[in-house]
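1. Provided below for reference: sequence and predicted model.
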Amino acid sequence: MSGRFVEIVNDKRHLAAERGFLTISEGHTEIARIPLDAIDTLILNAYGLTYTNSLLVRLAEEKIPVVVCGNNHLPKAYLLPIDGHYKQGAIMDAQAQASIPLKKRLWQQIIKNKLGQQASLLSFIGENPLRIIELIAKVKSGDPDNCEAQAARIYWPLLLGPQFKRDQEKPGINGLLNYGYIVLRSAVVRAIVCAGLHPTIGLFHKNILNPMRLGDDLMEAFRPFVDMRVYVLVKNGIRDLSNDEKKCFVELMDMNLPSSRGATEMGYCIQSLAISLAQVFLSEKKNLELPKIMQKMDWINLQHVKRL
């Protein structure tokens, strides 16, 4: 893994950069020191934080995105480095000029992979995935029939119970999902920037108010792995977000997924997907590097939560 997520959740902390380290202080006392090259993403999730401009500059130089969260734990701002990749100009030109048929074909690949993982997860927990498997074969270029949404209506009640409804504004289980997706989205956006891509130019998502449209596109392939973590937490009677539960999602980035290179950490799988997309835009590759569909042993390994 190239680094780790560092989240600041306590008030009255001061952050600064010193000799290649992120320093965290309270008052005049330094309480932590973390090498900048060991950080994937810095998440600011507390009020009353202060930090220096020199820290933000050093984070940008190290290509470390910063996520600023509100009181609902959802991100309110992303700070991203401008200089992400040595071929950035050529890659962004190709990304901006990508044809609609190409974008639709890539979206089809992502949705088929996502639905395949959802079906595999349902099968692993003892639910019947047949209806989702049938939808996979119906996913056309661009998913014009919205098979993704049809699958979601089948998937959520089977995974988290018939009373569960996905609602980003609600706490409890939805709060667990929200935070897991924040961690995932941050990892995906970092990979996008490091691959020389622009996170605003998406394949499918088109909301002009969303500056992370490509991030929301690519993270779809990894959502079922977050869902699995939430399923395990709920099975263990945990329905509310605490610092311990946050760690469960952060450590997920270090878990192995099946890939074309064998068992590969999720963080590297995310990076491989972003790099492969850049290669597709440059006509160096035809297909995305997506995780292989999980098998029973893969889910067994992924469901392990250290604190439980």
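-> Okay, I see it.
2. mind listing what the residue most central in space within the chain touches?
-> In the chain, the residue lying closest to the centroid (Cα atoms, centre = their mean) is residue 184, at 1.9 Å. For residue 184, the contact set (Cβ atoms under 8 Å, 6 or more residues apart in numbering) comprises 219, 222-223, 225-226, 249. Where you see a C-beta, it was placed from the backbone N, CA and C, and this is true even at glycine.
3. Could you chop the chain up by domain?
-> If you go by automatic domain parsing, the domain ranges for the chain are 4-79, 88-302.
4. Going by mean pLDDT, which of those comes out lowest?
-> Between those, the one with the least mean pLDDT is domain 4-79; it has a mean of 86.
5. Which stretches in the stretch 151-300 of the chain count as strands?
-> For the stretch 151-300 of the chain, applying DSSP state E, counting those that start in this stretch gives strands covering 256-259, 262-265.
6. quick one, which of those is packed in tightest?
-> strand 256-259 (a mean of 18; mean count of other Cβ atoms under 10 Å).
7. packing partners for it?
-> In terms of contacts (3 or more Cβ pairs under 8 Å, 6 or more residues apart in numbering; DSSP states H and E), strand 256-259 is packed against strand 262-265, helix 266-281, helix 296-302.
8. Turn these into CSV, columns for distance to residue 180.
-> Below are the helices and strands packed on strand 256-259 laid out as CSV (distance: least, Cβ to Cβ, whole Å):
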stretch, distance to residue 180
strand 262-265, 17
helix 266-281, 12
helix 296-302, 13
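9. so which of these comes closest to residue 68?
-> helix 266-281 (21.2 Å; Cβ to Cβ).
10. Which residues does that closest one contact?
-> Contact partners of helix 266-281, identified using Cβ under 8 Å, 6+ apart, comprise 1-2, 40, 85, 87, 91, 94-95, 98, 102, 106, 187-188, 191-192, 194-197, 218, 221-222, 225, 252-257, 259, 264, 285-291.
11. In contact with residue 115, which residues?
-> 132, 135-136, 139, 147-148, 151.
12. quick one on the thing from earlier: of all the helices and strands packed on strand 256-259, which gets the most neighbours per residue?
-> When you average the neighbours per residue for each of these (mean count of other Cβ under 10 Å), helix 266-281 leads with a mean of 22.
13. roughly how far out does that helix sit from the chain middle?
-> How far helix 266-281 lies from its chain's middle: 13 Å, per Cα atoms, centre = their mean, to the nearest Å.
14. Can you list the helices and strands that the helix or strand where residue 132 lies packs against?
-> Secondary structure assignment for residue 132, by DSSP states H and E: helix 130-136. On a contact count with 3+ Cβ pairs under 8 Å, 6+ apart, helix 130-136 meets helix 100-124, helix 147-160.
15. With only the CA atoms kept, save stretch 286-300 in CSV.
-> C-alpha atoms of stretch 286-300 as CSV (Å, rounded to 0.1, in the frame of the first residue of the first chain):
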residue,chain,number,x,y,z
LYS,A,286,-9.1,-1.3,-24.8
ASN,A,287,-10.5,-2.4,-21.5
LEU,A,288,-10.5,-1.2,-17.9
GLU,A,289,-8.5,-3.0,-15.2
LEU,A,290,-11.3,-4.0,-12.9
PRO,A,291,-11.2,-6.3,-9.9
LYS,A,292,-12.1,-9.9,-10.7
ILE,A,293,-15.4,-11.2,-9.4
MET,A,294,-15.0,-12.3,-5.8
GLN,A,295,-15.1,-16.0,-4.8
LYS,A,296,-16.1,-17.4,-1.4
MET,A,297,-12.5,-17.4,0.1
ASP,A,298,-12.1,-13.8,-1.1
TRP,A,299,-15.2,-12.7,0.8
ILE,A,300,-14.1,-14.7,3.9
